[in-house]
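what's the 3D shape of this:
(one chain, ligands or ions: 1)
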Amino acid sequence: MIVLKTATEIDILRANGAILASVLNRVCEEVSVGQNTGELDRLAERLIRESGSEAAFRGMYGFPATICTSINEEIVHGIPSLKRQLKKGDILSIDIGLYRSGMYVDMATTVPVGEVDEKAAKLMQVTKEALWRGIGMVNIGNRLADVSHAIGSCIEDAGLYVVREYTGHGIGRDLHEDPQILNYGESGQGPRLQIGMVLALEPMAKTVPGTVEVLADSWTVVTDQGALAAHFEHTVALTKNGVEVLTRGGV
Ligand code: MG
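Numbers count the residues shown, from 1 in each chain. Now for the predicted structure:
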């Protein structure tokens, strides 16, 4: 069941989104060659606590950290480590969630570590563009699959591949709510979008086809053929004024 949010709840979500975007911005400023992902996690945890919020991911289904840090062929759910140093040319996906005043917000970005090659740069640019194409379809009266189609066609038209095993989701009093939002599909299907819907859109794309595997840590999801992967996410609300990106200001 899709839970519609009240204007008051969207006010809370907007405030939470602004906090989360500023935290992610600060974390991204610390991404550099030689930095380790454990330090990024510590910073995120500190900033979230200082804002009077809680880290949404820590402890969720048993996840052991505040952010997910996924490097290169890692797609999502990578575990930060003080022993994992970033190298020049890596791409780093950071996924982060926050809980405050009873409401969750969720966002992700992928950033380069130093200079990256053309293939990696294109993957990041296209995945981000796919997110914004999806956001552009969040209009009153559109159907959910119009969003999915906009995301998927952007990725596929660029000669890249959608990671089909993971999806976006509704969000609010729970981190993961209905509806599930596929990152591919034919438009014109699914529920109609209505005022009060709050959605976390999160395309993941990769450079070659294939499927995914989960590493022995039982969290880190990787591409099965070593393809590079990128991930971008925003939490958005549909209000009477149209779509509003609640986590805007993030990278
Ligand atoms: Mg999410």
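
give the contact list for Asp95.
When contacts are counted by C-beta atoms under 8 Å, 6 or more residues apart in numbering, Asp95 touches 57, 67-68, 70, 76-77, 106-108, 231, 233. (C-beta placed from N, C-alpha, C; glycine too.)

In helices, which of those residues fall?
Using DSSP state H, no member of the contacts of Asp95 falls within helices.

Reformat those residues into JSON lines and put distance to Gln125 and pLDDT next to each item.
Below are the contacts of Asp95 laid out as JSON lines (distance: C-beta to C-beta, whole Å; pLDDT from 0 to 100):
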{"residue": "Phe57", "distance to Gln125": "26", "pLDDT": "96"}
{"residue": "Ile67", "distance to Gln125": "22", "pLDDT": "98"}
{"residue": "Cys68", "distance to Gln125": "21", "pLDDT": "98"}
{"residue": "Ser70", "distance to Gln125": "18", "pLDDT": "98"}
{"residue": "Val76", "distance to Gln125": "19", "pLDDT": "98"}
{"residue": "His77", "distance to Gln125": "23", "pLDDT": "98"}
{"residue": "Asp106", "distance to Gln125": "22", "pLDDT": "98"}
{"residue": "Met107", "distance to Gln125": "18", "pLDDT": "98"}
{"residue": "Ala108", "distance to Gln125": "15", "pLDDT": "98"}
{"residue": "His231", "distance to Gln125": "13", "pLDDT": "98"}
{"residue": "Glu233", "distance to Gln125": "16", "pLDDT": "98"}
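
For Ser101, which non-adjacent residue is closest in space?
Ile12 (4.8 Å; C-beta to C-beta, 6 or more residues apart in numbering).

so the one you found touches Leu98, yeah?
No. Counting by C-beta atoms under 8 Å, Ile12 does not reach Leu98; the two are 11.4 Å apart.

Report the mean confidence score over the host helix or strand of Leu43.
Assigned by DSSP states H and E, Leu43 belongs to helix 37-50. Regarding helix 37-50, the rounded mean pLDDT is 98.

could we number from 5 for the rest of this?
New numbering, starting at 5: the last item is helix 41-54.

Now the element after that helix, going C-ward?
Sequence order places strand 58-59 as the next helix or strand after helix 41-54, per DSSP H and E.

Distance from that next one to the middle of the chain?
How far strand 58-59 lies from its chain's middle: 16 Å, per C-alpha atoms, centre = their mean, to the nearest Å.

Okay, now the sheet partners of that strand, with direction.
Strand pairing for strand 58-59, using DSSP bridges, gives strand 95-104 (antiparallel).

could you dump stretch 216-231 to PDB, C-alpha only?
Provided in PDB are the C-alpha atoms of stretch 216-231 (Å, rounded to 0.1, in the frame of the first residue of the first chain):
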ATOM      1  CA  VAL A 216      25.200  -9.400  -9.700                       C
ATOM      2  CA  GLU A 217      26.900 -11.300  -6.900                       C
ATOM      3  CA  VAL A 218      27.100 -10.700  -3.200                       C
ATOM      4  CA  LEU A 219      30.600 -10.900  -1.600                       C
ATOM      5  CA  ALA A 220      31.500 -13.100   1.300                       C
ATOM      6  CA  ASP A 221      30.900 -10.200   3.700                       C
ATOM      7  CA  SER A 222      27.200 -10.900   2.800                       C
ATOM      8  CA  TRP A 223      26.600  -7.200   2.000                       C
ATOM      9  CA  THR A 224      28.700  -5.900  -0.900                       C
ATOM     10  CA  VAL A 225      26.900  -6.300  -4.200                       C
ATOM     11  CA  VAL A 226      29.200  -6.500  -7.200                       C
ATOM     12  CA  THR A 227      28.800  -6.900 -11.000                       C
ATOM     13  CA  ASP A 228      29.500 -10.500 -12.000                       C
ATOM     14  CA  GLN A 229      31.800  -9.500 -14.900                       C
ATOM     15  CA  GLY A 230      33.800  -6.800 -13.200                       C
ATOM     16  CA  ALA A 231      31.800  -4.000 -14.900                       C
END
